[in-house]
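Colleague: Need a 3D model of the following:
(chains A, B, C and D)
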Protein chains: 2
Amino acid sequence: MPCNKRRWHGKFREYGYRITVGRKEILDVLTNSKGHLSAEEIYLKVHEKHPSVGLTTIYRTLDVLVGIGLLQKFDFGDDRARYEIIDSVNEKGHHHHLICTECKKIIDYKDFIDEESEMLKKTEKFLSEKYKFEIKKHVMEFYGLCSDCKKRL
Amino acid sequence: MPCNKRRWHGKFREYGYRITVGRKEILDVLTNSKGHLSAEEIYLKVHEKHPSVGLTTIYRTLDVLVGIGLLQKFDFGDDRARYEIIDSVNEKGHHHHLICTECKKIIDYKDFIDEESEMLKKTEKFLSEKYKFEIKKHVMEFYGLCSDCKKRL
DNA sequence: CTAACTGCAAATTCTTTGCATTAGT
DNA sequence: ACTAATGCAAAGAATTTGCAGTTAG
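Modeller: Numbering: from 1, shown residues only, chains lettered A, B, ... in the order given. As a prediction, this is how the structure comes out:
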């Protein structure tokens, strides 16, 4: 994915951020993961290749990435933030989430994504006018019990 | 709101929970508030009338209320949980949120709520069949900059 | 060279828990 | 009476911060 690499290199320059080994590896992990990773999970993966990178750097880099719009931060109610590379950067494309409140499993879905996105866009337009709000992101999620937990309980 | 009182009294009995001074006051605060209060905010309000009620009780009661389905727990990304009495209990009715990521202001909106809810219901039905998921709640929110913060920055 | 970046350890903040006491039913 | 509920202080857990040493450009 050379175009991704170019994309974030550009963003980094633009904002005056430096490109370091740690940051490269973090971006790599995020790009090649299935998404919704926690800081700790990212730390562990990065640690495999670069044991010198500490958890603090992970947090700080994630902040930077969210700040320059390469990453989206989520909260699925399990007391830790989760991160996903934004849209065009990975091949997965836009999706929404289905979250099991028991085992914390997260399912990505794209069904109805176009219809949903259209609805969201329309609402977004209306709300931004009505409330003079500059909308930066939307969240649409479903919480419940996955099939396994439903059986188990 | 006598019917609300009857409603939760019933729920409490049903689950074998006792009705205490603290719990009554917490329910009262939640019912008469504009929603999306944090545990601390609830604590402060309850504290005005019943200084003997501690923060721990607030947390424990909120858990109970969420458990029996009288309360919904939210996370708007400001590192503290926020709570809202569910639908039929208060007169506000179902609504969604518009959240300012700068000043943390939360705006309730009901525009398109029917259309949105219909869409959500449809998606919900589809997803629950496809993934054998038992969907308990949905979240639809917009994050961005409110008019004040947009100006200020 | 110099300002950004880093790791480490300590600090913060929200929430939970253990335990002895109090109070619904 | 019996057991749930409570307050308090201590514990936990995720994230942030201060600082002195390191490194990218």
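Colleague: Enumerate the residues of chain A near DNA strand D.
Modeller: With C-beta under 7 Å from any atom of the strand as the criterion, chain A comes near DNA strand D at residues A:18-21, A:38-40, A:55-56, A:59-60, A:63, A:79-81. (C-beta placed from N, C-alpha, C; glycine too.)
Colleague: For the closest residue to A:Gly77 other than its chain neighbours, give its distance to A:Lys73.
Modeller: Distances taken as C-beta to C-beta, 6 or more residues apart in numbering or on different chains put B:Asp75 closest to A:Gly77, at 6.0 Å, once the chain neighbours are dropped. Distance of B:Asp75 to A:Lys73, computed by C-beta to C-beta, to the nearest Å: 11 Å.
Colleague: Looking at the two, which has the bigger crowd around it?
Modeller: B:Asp75 (17 against 14; other C-beta atoms under 10 Å in any protein chain shown).
Colleague: Quick check, the residue in chain A closest to DNA strand D?
Modeller: Nearest residue of chain A to DNA strand D (C-beta to the nearest atom of the strand) works out as A:Ala81 at 3.4 Å.
Colleague: and that residue, bridged to which residues?
Modeller: A:Ala81 has these beta-bridge partners by DSSP bridges: A:Asp75.
Colleague: before we move on, the earlier item: touching, the residue nearest to A:Gly77 and A:Asp78? I think so.
Modeller: No - B:Asp75 is beyond contact range of A:Asp78, at 10.0 Å (criterion: C-beta atoms under 8 Å).
Colleague: which residues in chain A form helices?
Modeller: Remark: helices assigned in chain A by DSSP state H are A:2-15, A:21-31, A:39-49, A:55-67, A:113-131, A:147-152.
Colleague: hang on, A:Gly22 packs against A:His50?
Modeller: Yes - using C-beta under 8 Å, A:Gly22 is in contact with A:His50, at 6.5 Å.
Colleague: Between the two, point out the one with more neighbours.
Modeller: Ranked by neighbour count (other C-beta under 10 Å), A:Gly22 and A:His50 place A:Gly22 first, with 17 against 14.
Colleague: okay, now the nearest residue to that one once chain neighbours are set aside: neighbour count?
Modeller: Counting by C-beta to C-beta, 6+ apart, A:Val53 is the residue found nearest to A:Gly22 once chain neighbours are left out, at 4.3 Å. Using other C-beta under 10 Å, A:Val53 is surrounded by 20 other residues.
Colleague: tell me the contacts of the residue nearest to A:Gly77?
Modeller: Residues in contact with B:Asp75 (C-beta atoms under 8 Å, 6 or more residues apart in numbering or on different chains) are A:75, A:77, B:81-82.
Colleague: With A:Val66 instead?
Modeller: Residues counted as contacts of A:Val66 (C-beta under 8 Å, 6+ apart) are A:72-73, A:83.
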